[in-house]
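# Test case, fold it:
(chains A and B)
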Amino acid sequence: MPSMNMVQALNSAMDVMLSRDSRVVVLGEDVGYFGGVFRVTDGLQKKHGAHRVLDTPIAEGGIVGAAVGMCVNGLRPVAEIQFADYIYPAYDQIVSEVARLRYRSAAAFTAPLTIRTPCGGGIRGGQTHSQSPEGVFAHVSGIKTVMPSNPYDAKGMLIAAIEDDDPVIFFEPKRVYNGPFDGEPDKPAQSWAGHPLAEVPEGYYTVPLGQAAIARSGEAITVVTYGTMVHVCAAAVEALGLDAEIVDIRSMMPLDIDTIAASVSKTGRCLIAHEATRFAGFGAELSASIQERCFWDLEAPIMRVAGWDTPYPHAFEWEYFPGKRRVMNALKQLMAEAT
Amino acid sequence: MAIDLGAQFAACWLMLWGMSAPRLHVPAVPARPGESPDFSYVRLSPAGAVHCLPIDAPVSATVPLAEELIRVLDDAHHAVGPWNPQLDPEVLRRGLRTMLQTRVFDDRMQRAQRQGRITFYVRSLGEEAVSVAAAMALSDRDMLFPSYRNQGLHLARGLTLVEMMSQLLSNTRDMCKGRQLPVMYHSTAHRLFSISGNLATQFPQAVGWAMAAAIKGESDIAAAWIGEGSTAAADFHHALTFAKVYKAPVVLNVVNNQWAISTFQGYAGGEQRSFAARGPGLGLAGLRIDGNDFLAVYAATRWGAERARQGHGATLIEHVSYRAGAHSTSDDPSRYRPRDEFHDWPLGDPIDRLKQHLIAIGEWDETRHATLLAELEEEVTAAWREAIAAGSLNEGPRLDPALMFEDVFKELPAHLREQRDALLAELANP
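The predicted structure follows:
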């Protein structure tokens, strides 16, 4: 089986779907001839043609609005927003149109659209290239919101998103495009080569949306996380030698609360970790949902590790990023809580 | 199967009418890597050929000015025609100096990024006249809303090299206190608005600033800059609509440097009509000018500024130029355009053109130019030494990480105070 990094896996997913389904088109800024600023669409225009892989004007609201129209006329667009930080001009189209079209028209019209967008920090991108806005989309009824953490899931979930009859916002944690990241910026960058989740089939397969994965099995504590933080949390758990279970939720909506709750009920302790800001972040929904199901099994209060509630600051990248040290401190504190 | 039936129906219908279905138009890029540069699509007018209008001319009268190309400097380096601003040679030398300073500064900061001293940089190579001439033609009280490639505005307004370098370094003298990517400068004292990393947002904001000046009855105007690629953004259209509705005293500049990262200006809609023509299209005066001609930029800016100041409304100026460098230090243009395109760019290099003009009128020579260049390089070197002494991300003194939590709100709220204290505890016990 070929080894792929996340960029190659995502590229392969679109290549497979452009080949299998003539309704699939790819559009976005710099995605065509150039192949995308992160190379995710590299070679797709050359192979599938300029009528199916479209460079667009710089207008995110236009990209999403036009994609809705394409959906209504029978296509399956995969729209790229170059950075998640640039998605807000499309917010009205996404919230008022994409998310509600099926509902308001009693399913007469639908928008089976996939919006791909790189998110997250750790690349010295400052406040306009580092944000994690998944929470503001998960909050909107009518769109699915997902974020894979490795190449295998990235390809399988992207194909599932393209085939899904509902709109999907597909967040790509760009810090792990080229390799897993354990939250220690001073160590040499790792590559995906040799990683079991970088073994990616060349052809078609799907990873269903709405299913969490147990990234690591354990009995002592449950860490509920997603995206880049799956790798940071794994490194923190290893460093402490903890028998922790790590649940990679992979999908915020639909949320696989059954898998998450089963794990927390088993371990009795829960840490929630994400890069996005803490206040009203997706961790708050996780914490509430877990508490509703697991209250009588909990041996300690649920804790959250998240980005500080500030814009993402350029100079303080690693003081801001919820890295290995911050996760370790939280784990230690949770394990010390009396039963 | 429904799709197939539909397609058959459409095919039958088209056959009946004797037509073929339109195919999606994909803007044709003139030249790709390995091909010869081709600028035959750039519509030029001879220097001095385009007529000038009184500043209170009706919008409709500017329609031809938005399609032709206003130029002052001719091929023999003389200033000709009705748009010649008749500037004193001392003003021209100041313009030359600031443009050259911008270029020397850009070169050095590009190298600093390559050496890992700063994380990111954006050069304005080939576009220096667009910013420097405009800043000089405006009043120092006018409010400027720059894009990320307008550093000539900052230098012309008198921001020091050390101030700008300190921002690039995110060091202890950084005006942004480490919160912004490099090149996102600001200065209240110099009336330079905070640069955003998001595109076109400053355009309607500049219009709002100008509306406020008119509400308050003040004669200051606003000016804003975006690239031609960003004219696709909704904020561009919001800006023009509000400027038209309220006759806002503002000069709106589109720098058409032909490239928006990898997509050429056809993808922003530049194929059939000029960008300047969007002005009259939405009810504003429009001027299409040679953006590499210092005198044309100066004259057009002064015309738009006076028109605004005297209550005749806003002007949209398209500066036809060429992005001679990469989009940013994260970009590699050799992947999508011929490597040597700038040599074939029909409007030349703005610095060289003003230099040759000064020489042609006997106000400059090669020796003075070489002396100026050496002086500017020394100035940049000295400024860098001073800026780096205030630290960088990798060495020397660093900003206090607690600053991260300030200015989110005017008063530090309780939850941020807790988060600040948690971070300080974390840093104290690594």
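# Which strand or helix spans the nearest residue to B:Ala234 once chain neighbours are set aside?
Computed as C-beta to C-beta, 6 or more residues apart in numbering or on different chains, the closest residue to B:Ala234 that is not its neighbour in sequence is A:Gly61, at 5.4 Å. Backbone N, C-alpha and C define where each C-beta goes, glycine included. Assigned by DSSP states H and E, A:Gly61 falls within helix A:60-72.
# ok, now how distant is A:Asp42 from A:Gly36?
Separation of A:Asp42 from A:Gly36 (C-beta to C-beta, to the nearest Å) stands at 7 Å.
# before we move on, what about B:Thr315?
37 Å.
# Those two: which is more packed in?
Neighbour totals were compared for B:Thr315 and A:Gly36, and B:Thr315 leads with 30 against 23 (other C-beta atoms under 10 Å in any protein chain shown).
# Tell me what that one is bridged to.
For B:Thr315, the beta-bridge assignment (DSSP bridges) gives partners B:Val251, B:Ala285.
# unless I'm mixing things up, it is touching B:Gly283, no?
No - using C-beta atoms under 8 Å, B:Thr315 is not in contact with B:Gly283; the gap is 11.5 Å.
# Could you report the distance from A:Thr310 to A:Ala212?
In terms of C-beta to C-beta, A:Thr310 sits 29 Å off from A:Ala212.
# Same question for B:Pro33.
Applying C-beta to C-beta to B:Pro33 and A:Ala212 gives a distance of 45 Å.
# and A:Val140, what does it touch?
Contacts for A:Val140 (C-beta atoms under 8 Å, 6 or more residues apart in numbering or on different chains) come out as A:Ile94, A:Val95, A:Ala99.
# Report the secondary structure state of the nearest residue to the second one once chain neighbours are set aside.
Read it as A:Val95. Closest residue in space to A:Val95, ignoring its immediate chain neighbours: A:Val140 at 5.2 Å, by C-beta to C-beta, 6+ apart. Using DSSP: H, G, I helix; E, B strand; the rest coil, the structure places A:Val140 in coil.
# And whichever helix or strand comes after the helix holding A:Gly61, what does it pack against?
Toward the C-terminus, helix A:60-72 is succeeded by strand A:76-80 as the next helix or strand (DSSP H and E). Where contact means 3 or more C-beta pairs under 8 Å, 6 or more residues apart in numbering or on different chains; DSSP states H and E, strand A:76-80 is packed against helix A:6-20, strand A:24-28, helix A:60-72, strand A:114-119.
# winner for burial among the ones you listed?
Mean neighbour count, computed with mean count of other C-beta atoms under 10 Å in any protein chain shown, is highest for strand A:114-119 among the helices and strands packed on strand A:76-80, reaching a mean of 27.
# for chain B, what helix or strand is lowest in average pLDDT?
helix B:2-17 (a mean of 56; mean pLDDT, DSSP states H and E).
# how about the helices of the chain, start to end?
In the absence of a named chain, this looks at chain A. Remark: helices assigned in chain A by DSSP state H are A:6-20, A:44-48, A:60-72, A:91-92, A:101-104, A:134-138, A:151-163, A:229-240, A:257-267, A:282-294, A:317-320, A:324-336.
# Correction: the question concerned chain B.
All helices of chain B, identified by DSSP H, fall at B:2-17, B:63-67, B:89-114, B:128-137, B:151-157, B:161-169, B:202-216, B:234-246, B:278-282, B:294-309, B:341-344, B:350-360, B:366-388, B:414-428.
# Redo those as TSV? Include distance to A:Val24 and mean neighbour count.
Below are the helices of chain B laid out as TSV (distance: least, C-beta to C-beta, whole Å; neighbours: other C-beta atoms under 10 Å in any protein chain shown):
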stretch	distance to A:Val24	mean neighbour count
helix B:2-17	14	10
helix B:63-67	40	20
helix B:89-114	38	20
helix B:128-137	41	29
helix B:151-157	42	26
helix B:161-169	43	24
helix B:202-216	35	21
helix B:234-246	27	20
helix B:278-282	34	21
helix B:294-309	46	26
helix B:341-344	34	15
helix B:350-360	45	21
helix B:366-388	50	15
helix B:414-428	44	14
